[in-house]
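**Student:** Let's see this in three dimensions:
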Amino acid sequence: MGIQPWVIVEAPDARGLRKVVINGEVAGTAWSFDELVRLLGRLGYPPSTDMQDPATVLWRGRDSGIWPDRPWRRRATAALMFLGLLVSAALHMAIGWPDALKALTFAQRIVGAIFVLAGLVQCVAAAAVFDHFGRRRSRVSGSLVLLGAFIALPTSAMLIFMWLEEREYTPYLLVFMPLSLWSVWALVLLVREKAWRGVPQPKKFAAGVVFSGLLTAVSLAYSTMYQPTAEPIRFVLKATFGRPQTDADAGYVAVPLTLYVKNDGGIPVYVVNDDYTVWGSEFSRSEEGEGLRNWAEDTKFRYVPEAERYARATDREVLRTGHFYGPGAWLDAGEEFSSQKVVRLPKDAGYGELEATVSMNYMRKDRGRIDDRFSSPVFSWDRNNKRFYCPPEQCGENVVYHGRVRHNNNLVNVTRRPRYVTAIWSPRRGPSVFISSFDFGTRGLYVYGESIDKAEVAREKDRFGTAMVSANAKLLTSGFLRRPGTG
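**Tutor:** Numbers count the residues shown, from 1 in each chain. Sure, this is the predicted structure:
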């Protein structure tokens, strides 16, 4: 040994940990005197070793009675850091996983994958907590913990910013609100102790962190703002009457009707509701030209205000109506569909013209996803379905489609109440659609008109990109129908 002591106990560091050096080599570290005795015992030094003998142990900086470690405080800090990183990792994966797997656009999938990757990085950072708040055997554990805390701060801040837009309660609020406070505390603590010390190339590490943040921001902006609005929706929608044919019963005429739709744009769409209706209209001559004077009264027979000098609409009846494609189905970009219908009516029906109207309510698939159960219809007159039952004398007879709709950017979903899309159809009222937080699981059909928030419905219409397209066709009946009593 020479004149050097064979055991040297260094002064406590900032955390109260004292390094133990034997013959010039670091043999370990100790938080307390008892831990030092156990360490030396494992190295073959008997417990009877005189720790106060300067010829045996040299105490540098502080004597054997100075052990400033506060184990409960250190362990509590490590536990809180570990728990915060795990919660943040779970939140990132919950946000990113659905988008990474199911988002329609490539940019949205990239954003989802980045969130999943950020969650995995935070899992690694959580594992590094034990080393960083322990004996720090790894040089990079502090940098990993710092990176994990840095990831949590902008995400929680962004979630709070998005939540403030609507200020709705969501269970995720109980996660990202406390997480934002935790991330500030964690960053202050780690920056104060310079946790990045020991990383081999700190400048490149910092540049990588900044680049990752910019990549996330650009990808998110592209997927949420540019992509949903850059691609317009274009439809080709037609209703075409065919050549009338005499039915097997000579007293009836069959009029073919072709309905056609094509998604002529670049964005797939959901069909939320659709309807075709064939009307028969009667007209009376207005030989004195008084039709213009009575246009207000005649307007009740038409969809839009219209006036004609020498003819007046006297009646308008529904001859056939229904769906032609089906709520819950979708049309991919470039996809087309046609359906053939037949309208049968007696030869002496007396209608002056037939009019076919076809309409479609759609939702952009790059804005949201509709659950599969939406496409299953329920009937308001079915007493066995208590969620949707409404007495016919109060609500009429309606076919209802109802299901959860989720925004394609899952960041929006976690900062809002659940949204539901509802489509209602009946022969008397035609189709209607709305998206809101109204859920038939808690309130019945008969109250929805009073319960829905019209301002919310308007916002969700723009947010999910819902709209309606329509077309019509007319056919004069003079060639195949005769007026009653004309033979």
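**Student:** and residue 319, what is it in contact with?
**Tutor:** For residue 319, the contacting residues are 278-280, 343, 345, 354, by CB atoms under 8 Å, 6 or more residues apart in numbering. Where you see a C-beta, it was placed from the backbone N, CA and C, and this is true even at glycine.
**Student:** again, only this time at 7 Å
**Tutor:** Listed by CB atoms under 7 Å, 6 or more residues apart in numbering, the contact partners of residue 319 are 278-280, 343, 345.
**Student:** farthest pair in those?
**Tutor:** Across the contacts of residue 319, the longest distance by CB to CB is 11.4 Å; it joins 279 and 345.
**Student:** Using a markdown table, please lay out the contacts of residue 319 together with neighbour count.
**Tutor:** As requested, the contacts of residue 319 are exported to a markdown table (neighbours: other CB atoms under 10 Å):
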| residue | neighbour count |
| --- | --- |
| 278 | 24 |
| 279 | 21 |
| 280 | 21 |
| 343 | 18 |
| 345 | 23 |
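**Student:** so which of those comes closest to residue 37?
**Tutor:** Distance to residue 37, by CB to CB, is smallest for residue 278 among the contacts of residue 319, at 96.7 Å.
**Student:** Stretch 426-439: how far from the chain's middle?
**Tutor:** Centroid separation between stretch 426-439 and its chain, computed with CA atoms, centre = their mean, to the nearest Å, is 22 Å.
**Student:** Ignore what I typed, I meant stretch 61-69.
**Tutor:** 56 Å.
**Student:** what separates the longest strand along the chain from the chain centre, distance-wise?
**Tutor:** For the chain, the strand with the greatest residue count under DSSP state E is strand 269-285. Relative to the mean C-alpha coordinate of its chain, strand 269-285 is positioned 34 Å out (CA atoms, centre = their mean).
**Student:** Now do the buried residues in it.
**Tutor:** Buried positions in strand 269-285, judged by neighbour count with 16 or more other CB atoms under 10 Å: 269-283.
**Student:** likewise stretch 345-361?
**Tutor:** Of the residues in stretch 345-361, those buried (16+ other CB under 10 Å) are 345, 347, 349-361.
**Student:** Ok, stretch 403-416 next?
**Tutor:** Under the neighbour-count criterion of 16+ other CB under 10 Å, stretch 403-416 has 403, 405-416 buried.
**Student:** which one of those residues is nearest residue 375?
**Tutor:** Closest approach between the buried residues of stretch 403-416 and residue 375, by CB to CB: residue 403, at 7.8 Å.
**Student:** List the beta-bridge partners for the closest one.
**Tutor:** Beta-bridge pairing of residue 403 under DSSP bridges involves residue 421.
**Student:** Now residue 22: closest residue in space that isn't a chain neighbour?
**Tutor:** Sequence neighbours aside, residue 7 is the residue nearest to residue 22 in space, at 5.8 Å (criterion: CB to CB, 6 or more residues apart in numbering).
**Student:** one step back: what's the farthest-apart pair in the buried residues of strand 269-285?
**Tutor:** 270 and 283 (39.2 Å).
**Student:** Do a quick rundown of the helices in the stretch 1-150 of the chain.
**Tutor:** Here the stretch 1-150 of the chain has its helices, by DSSP state H, counting those that start in this stretch, at 33-42, 71-102, 106-132, 141-166.
**Student:** Give me the average confidence score over the third one.
**Tutor:** If I follow you right, that is helix 106-132. In this model, helix 106-132 has a mean pLDDT of 89.
**Student:** from the buried residues of strand 269-285, which is closest to residue 257?
**Tutor:** For these, the minimum distance to residue 257 (CB to CB) is 6.6 Å, reached by residue 278.
**Student:** quick one: pLDDT of the closest one?
**Tutor:** pLDDT at residue 278 comes out at 95.
**Student:** if we can go back for a sec, so the residue nearest to residue 22 bridges to which residues?
**Tutor:** Beta-bridge pairing for residue 7 (DSSP bridges): residue 57.
**Student:** Look up how far residue 56 lies from it.
**Tutor:** Distance of residue 7 to residue 56, computed by CB to CB, to the nearest Å: 6 Å.
**Student:** Would you mind telling me which of those two has the busier surroundings?
**Tutor:** When residue 7 and residue 56 are compared for neighbours, residue 7 comes out ahead with 21 against 14, by other CB atoms under 10 Å.
**Student:** how about the helices in the stretch 301-450 of the chain?
**Tutor:** Taking DSSP H, counting those that start in this stretch, the helices of the stretch 301-450 of the chain run over residues 392-395, 410-414, 448-451.
**Student:** Just name whatever secondary elements the second one is in contact with.
**Tutor:** Helix 410-414 is packed against helix 71-102, helix 141-166, with contacts defined by 3 or more CB pairs under 7 Å, 6 or more residues apart in numbering; DSSP states H and E.
**Student:** Need those in a markdown table (columns: mean pLDDT and mean neighbour count).
**Tutor:** Converted to a markdown table, the helices and strands packed on helix 410-414 look like this (pLDDT from 0 to 100; neighbours: other CB atoms under 10 Å):
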| stretch | mean pLDDT | mean neighbour count |
| --- | --- | --- |
| helix 71-102 | 91 | 18 |
| helix 141-166 | 89 | 20 |
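**Student:** Of all those helices, which one comes closest to residue 121?
**Tutor:** Smallest distance to residue 121 across these (CB to CB): 6.5 Å, for helix 141-166.
**Student:** Centre-most residue in the protein?
**Tutor:** Compute the mean C-alpha point of the chain, and by CA atoms, centre = their mean the closest residue is residue 407, 2.9 Å away.
**Student:** who are the neighbours in contact with it?
**Tutor:** By CB under 7 Å, 6+ apart, the residues touching residue 407 are 367-368, 413.
**Student:** What of residue 252?
**Tutor:** Contact partners of residue 252, counting by CB under 7 Å, 6+ apart, are 344-347.
**Student:** now, among those, which is nearest to residue 388?
**Tutor:** The closest of these, once distances to residue 388 are taken by CB to CB, is residue 344, at 32.2 Å.
**Student:** Dump the helices of the stretch 1-150 of the chain to a markdown table, plus distance to residue 261.
**Tutor:** Shown next, in a markdown table, are the helices of the stretch 1-150 of the chain (distance: least, CB to CB, whole Å):
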| stretch | distance to residue 261 |
| --- | --- |
| helix 33-42 | 77 |
| helix 71-102 | 25 |
| helix 106-132 | 26 |
| helix 141-166 | 34 |
